[in-house]
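Colleague: Mind looking at a prediction? Sequence and model below.
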Amino acid sequence: MARIHVQIPLRWSDFDAYAHVNNAEMLRLLEEARIQAMWRPDEGVEGGAPTAVMDVRPGAATLALIARQEIEYLAPIPYMRAPLDIEMWAGGIGGASLDVCYEIFSPIGVAPRILYTKAATTVVMVSAETSQPTRIPADLRAAWTPYIGTPVAFSRRAGA
């Protein structure tokens, strides 16, 4: 299975009094990675992941809303200047939803390679006009199909 690699730099404001990335800021890091992996670049802007096909300009017909997120913190992320390496894949694609899986690693080239966090986000496609779930557009489904893999295996689950 192929994975998308997104490099996300840390900001000084991401850290808390314990000198590691604050748990609430982890949601922002996941959001930044998801935007790079899913949102089509603006006209005239080069780059973007091969999966970045969603049109999110004002007036877009389809919105991507977060239905669920789960994060497992494996090790504290210390301050570093090199960007984190976030690996992403699809844990499943349904009719109107996509499960985006993440593993957040130390920066590329840093040894030893450390897995800091595992996470999963369920994204639901919604009609901007009706606010009702709508089928995943064909271009998004086609772009993410090569990246379908096993969902994230979390160590603990509520009630387990």
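Modeller: Alright, I've got the coordinates.

Colleague: Look up phi and psi at the residue nearest the centre of the chain.
Modeller: Closest to where the C-alpha atoms of the chain average out (C-alpha atoms, centre = their mean) is R34, at 3.5 Å. Dihedral angles of R34 (phi, psi; degrees, to the nearest 10) stand at phi -60, psi -40.

Colleague: and if you look at Q132?
Modeller: Dihedral pair for Q132: phi -110, psi 150, per degrees, to the nearest 10.

Colleague: Any idea how many residues pack against the nearest residue to it once chain neighbours are set aside?
Modeller: Once flanking residues are discounted, Q132 sits nearest to V126: 6.6 Å by C-beta to C-beta, 6 or more residues apart in numbering. For every residue, glycine as well, the C-beta is placed using N, CA and C. Neighbour count for V126, taken as other C-beta atoms under 10 Å: 17.

Colleague: residues contacting V126?
Modeller: By C-beta atoms under 8 Å, 6 or more residues apart in numbering, V126 lies in contact with T62, L63, A64, L65, A96, Q132, P133, T134.
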